[in-house]
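Undergrad: Okay, here's the prediction I keep looking at, along with the sequence it came from:
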Amino acid sequence: MSTHELQALRHPHIVAFHKFFSEYHIFFDLAAERFRVSIRVYETDDARYFFEQSHYIRTPVQDGANVMTLEKHDGPHGALSRAVESITTYYEDAVGRGHEPCADWFVRNDVY
């Protein structure tokens with residue numbers, strides 16, 4: 001964030017702030033359609049980055065949805081890479097075990 005942004009946002013009653021950095025849409029091929037997952041990357045007040053995703057993934061080979069906790073990264077590309085990895089690792093595992101991808105694998109993130 002710029003010095004001007006930091007000065008404007010620093011206030012005794014503001015305990016933290018985030019700046020929207022970028023948004024990405026990734027698509028997964030399902031039988032007859034594509035499924036879109038959106039990823040937003042934010043910069044934090046301490047010059048780190050984190051992501052939010054529109055959907056989590058829960059495949060037949062997982063016990064539950066892979067819900068990511070807030071992880072901070074040194075750069076925006078680290079946050080984006082981790083977001084993509086958090087979904088594709090489980091996707092590839094399930095497909096590799098013979099499961100057919102479907103929209104039910106994607107669990108909506110209600111706070112996105």
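TA: Received the coordinates, thanks.

Undergrad: Now do the buried residues in the longest helix seen in the chain.
TA: Longest among the helix segments of the chain by residue count, using DSSP state H, is helix 76-96. Within helix 76-96, the residues scored as buried using 16 or more other CB atoms under 10 Å are 76, 78, 79, 80, 82, 83, 84, 86, 87, 90, 91, 94. Glycine gets a C-beta too; all of them are placed from N, C-alpha and C.

Undergrad: correct me, but the fourth one touches residue 50?
TA: No. The criterion here is CB atoms under 8 Å, and residue 80 misses it with residue 50 at 10.5 Å.

Undergrad: Are there residues contacting both of those two? Which ones?
TA: The contact sets of residue 80 and residue 50 overlap at residue 41 (CB atoms under 8 Å, 6 or more residues apart in numbering).

Undergrad: circling back to that earlier point, mean confidence (pLDDT) on the following helix or strand past the longest helix of the chain, please.
TA: Next in sequence after helix 76-96, counting helices and strands by DSSP states H and E, comes strand 106-108. In this model, strand 106-108 has a mean pLDDT of 94.
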